[in-house]
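Q: next input, structure requested:
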Amino acid sequence: MLKTCSRCGKSEEQCRCTVQTGNSGSADGFGAGAAGGLRPGAGTGAGAGAGVGNNAASGSVPKTGAGVSSNAAPGLSSSSSSVAKMLEFWKDPASEEEDGQLQPGDLISHQYQIMRCLGSGGMSTVYQARDLTSEEVLAIKMLNSEISLDDEARKRFEREVLSMSRLRHENLLAMKGYGQTPQGHTFFVMEYLTGRSLATELIRKGPLEPRRACGIFLQVCAGMAHVHEAGIIHRDLKPGNIYLVGQDGVDRVKVLDFGIAKMEVNLEGHNNTLTQVGQVLGSPRYMSPEQCTGMKLDSRSDIYSLGCVMYQALTGQTPFNGENALNILFKQVNERPPAFSVVTAQPLIPPVLEAIIMRALAKSPNDRHPTMSALAEELQRFLDSSN
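A: Just a heads-up that it's a prediction; the model follows:
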């Protein structure tokens, strides 16, 4: 009698399910894993990483079926080949799965087994998955089906892959690999972290004690200094993109989500033109004046955004609020942030620390700290003097 696969109904000779087992786990947050590689044309790469969970999934993934090939992030290089060409090279020709919503148990690249959906947004969906070779838990972020045909959206997603592939720092979310489904949906694999975002922490516990806050800010500065050295501007620093993964009362920080990051120089060494001067992207409560008006940005725009985060972490309020986004953007450009004493009754915020944050919030980039490292030095001096 001809034997058939219980999963796909095909004969044993035609079946390509290979692995169909594995327990469906449940864990909140992101978690870590080791990178792996893939063999060209095989569509069976070994990789482990992490996934996204509570308040961490700020992106979304396309709703696709199993059978996706992937490539290991460490293999990316500054070659002249575009991400799109690399992704085309790694397509898995063996898979015949139909396009559809990923469900627990579905396989990607015959290697990653979906455990659950962690979050979905306008651009992408993030799934928790398990590497069937290493048993590591990871996260897979995939471009949503409904916008996968949008050329600019796809380029932004691919740029996030490029941005993350160039970054290796303990305070940045690590990318473990990338690929494309047979249906054409781009995805990448991330480390999985267990914890909560700074946004969630502020909602649950309110403003932070100054010394703890500075410990978090110093780690953000360290990660962002590495980002800026790579020629990348984040452009969306906010509490939701700062993740706390520490245990035993010790905060360990990861900066997330480079979906709208801007590379000052692209792989060929020319000016990056995907984001034109005049475009306004970001979160209004954390955008620099120059970002609000669509002007040319440099790394000091991220310093302003971190200033907004620091202000909120200590006072419980963002520097500027309003009835709508336009009202907030107007204030970012034209008004000075209120003094701490105006927005909070807490007497424990030292004036020296307030002055550091207000400098980061200067309207002119020339009046801010010149680099993230310079901001970190001031924060460290404050901590040393307050012992």
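
Q: can you give me the mean pLDDT across stretch 254-265?
A: If you average the pLDDT over stretch 254-265, you get 65.

Q: equivalent analysis for stretch 297-304, please.
A: In this model, stretch 297-304 has a mean pLDDT of 96.

Q: same check, this time on stretch 124-137
A: Mean predicted lDDT for stretch 124-137 stands at 90.

Q: quick one: buried residues of it?
A: Of all the residues in stretch 124-137, those buried under the rule 16 or more other Cβ atoms under 10 Å are 124-132, 134, 136-137. Glycine gets a C-beta too; all of them are placed from N, C-alpha and C.

Q: likewise stretch 218-234?
A: 218-228, 230, 232-234.

Q: what's the closest of those residues to residue 166?
A: residue 230 (5.0 Å; Cβ to Cβ).

Q: give me the element residue 291 is part of.
A: Per DSSP states H and E, residue 291 falls inside helix 289-292.

Q: and that helix, what does it pack against?
A: helix 299-315, helix 325-334 (3 or more Cβ pairs under 8 Å, 6 or more residues apart in numbering; DSSP states H and E).

Q: with mean neighbour count and distance to residue 174 added, can I get those helices in CSV?
A: CSV is the format used below for the helices and strands packed on helix 289-292 (neighbours: other Cβ atoms under 10 Å; distance: least, Cβ to Cβ, whole Å):
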stretch, mean neighbour count, distance to residue 174
helix 299-315, 25, 20
helix 325-334, 17, 32
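
Q: list phi and psi for residue 124.
A: Backbone geometry at residue 124, expressed as degrees, to the nearest 10, gives phi -150, psi 170.

Q: I'd assumed residue 143 was in contact with it.
A: Yes: in this structure residue 124 lies within contact range of residue 143 using Cβ atoms under 8 Å: 5.2 Å.

Q: quick one on the thing from earlier: what's the closest of the helices and strands packed on helix 289-292 to residue 255?
A: Using Cβ to Cβ, the helices and strands packed on helix 289-292 put helix 299-315 closest to residue 255, at 9.9 Å.

Q: now the angle between helix 325-334 and that closest one, please.
A: For helix 299-315 against helix 325-334, the angle by axes from the mean of the first three to the mean of the last three Cα atoms, to 10 degrees is 110 degrees.

Q: so that it lines up with my notes, have the first residue be 803 from now on.
A: That works, and once the first residue is 803, the last one we named lands at helix 1101-1117.

Q: tell me what helix 1101-1117 is packed against?
A: helix 1000-1007, helix 1012-1031, strand 1034-1035, helix 1091-1094, helix 1142-1145, helix 1153-1162, helix 1174-1187.

Q: partner strands of the next helix or strand after the shortest one, parallel or antiparallel?
A: Meaning strand 1034-1035. Following strand 1034-1035 in sequence order, the next helix or strand is strand 1044-1046 (DSSP H and E). In the sheet, strand 1044-1046 lines up against strand 998-999 (antiparallel), strand 1055-1057 (antiparallel) (DSSP bridges).

Q: could you look over these and pick the most buried one?
A: Among the strands paired with strand 1044-1046, strand 1055-1057 has the highest mean neighbour count (mean count of other Cβ atoms under 10 Å), at a mean of 24.

Q: what sits up against that strand?
A: 832, 973-975, 995, 1018, 1021-1022, 1025-1026, 1029, 1036, 1039, 1043-1048 (Cβ atoms under 8 Å, 6 or more residues apart in numbering).

Q: with that, I have no additional questions.
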